[in-house]
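Visitor: could you work out the structure for the sequence below:
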Amino acid sequence: MENFILQDIYNRGNVIFVEDEKVFWENCTGEGKAGVLILCADAPENETSAEFLKKIIAAVQLEFGEDTFFRNITPAEKFSLMQICRRQQIQKVLVFGLPLSGLGFNLDLKFYDIYQNAGFQLLNCESLALIESDKQRKTALWQSLKVMFG
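Guide: Coordinates of the predicted model:
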């Protein structure tokens, strides 16, 4: 499989390997009509977690699957989120439980902070499992979602 090599200014000039974009999108689900991409380290494997993710999306007046793309990411995968977002006109990215360095960013972004760049917004969150089981984390997520989708 062919990899792309990018100079990513968000990774301070380090060369990073980026998986073939076609493979990235082949492993996504959903139609993404609203330009929203959801990336998770822990795919909602049980019905409760899947329903929780759907409730998160419904709370911002979107339909999971129709309005969003979803992709489970393994820790070994490395790619440039900037490149992915530019090519597919992604406007909002929700990241659950993933290190931003694996997405081509060298940012010190706290959980539930929103990063805004020309063309898209990124919300960095803890894993779905942690959020689902903690009221304070749910509240922090909801406050950030209101700002992002408000």
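
Visitor: the biggest helix by length in the chain - contacts with which helices or strands?
Guide: The longest helix of the chain (DSSP state H) is helix 135-149. With contacts taken as 3 or more C-beta pairs under 8 Å, 6 or more residues apart in numbering; DSSP states H and E, helix 135-149 sits against helix 47-59, strand 114-117, strand 120-125, helix 128-132. C-beta coordinates here come from the backbone N, C-alpha and C atoms, glycine included.

Visitor: if we go to 10 Å?
Guide: If you count contacts as 3 or more C-beta pairs under 10 Å, 6 or more residues apart in numbering; DSSP states H and E, helix 135-149 packs onto helix 47-59, strand 92-96, strand 114-117, strand 120-125, helix 128-132.

Visitor: what about it, distance to the chain center?
Guide: 15 Å (C-alpha atoms, centre = their mean, to the nearest Å).

Visitor: got the angle for it vs helix 47-59?
Guide: Interaxial angle, helix 135-149 versus helix 47-59 (axes from the mean of the first three to the mean of the last three C-alpha atoms, to 10 degrees): 40 degrees.

Visitor: just the buried positions in helix 135-149, please.
Guide: R137, A140, L141, S144, L145, M148, F149 (16 or more other C-beta atoms under 10 Å).

Visitor: circling back: would CSV of the helices and strands packed on helix 135-149 with distance to F105 be doable?
Guide: Below are those laid out as CSV (distance: least, C-beta to C-beta, whole Å):
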stretch, distance to F105
helix 47-59, 22
strand 92-96, 10
strand 114-117, 8
strand 120-125, 8
helix 128-132, 20
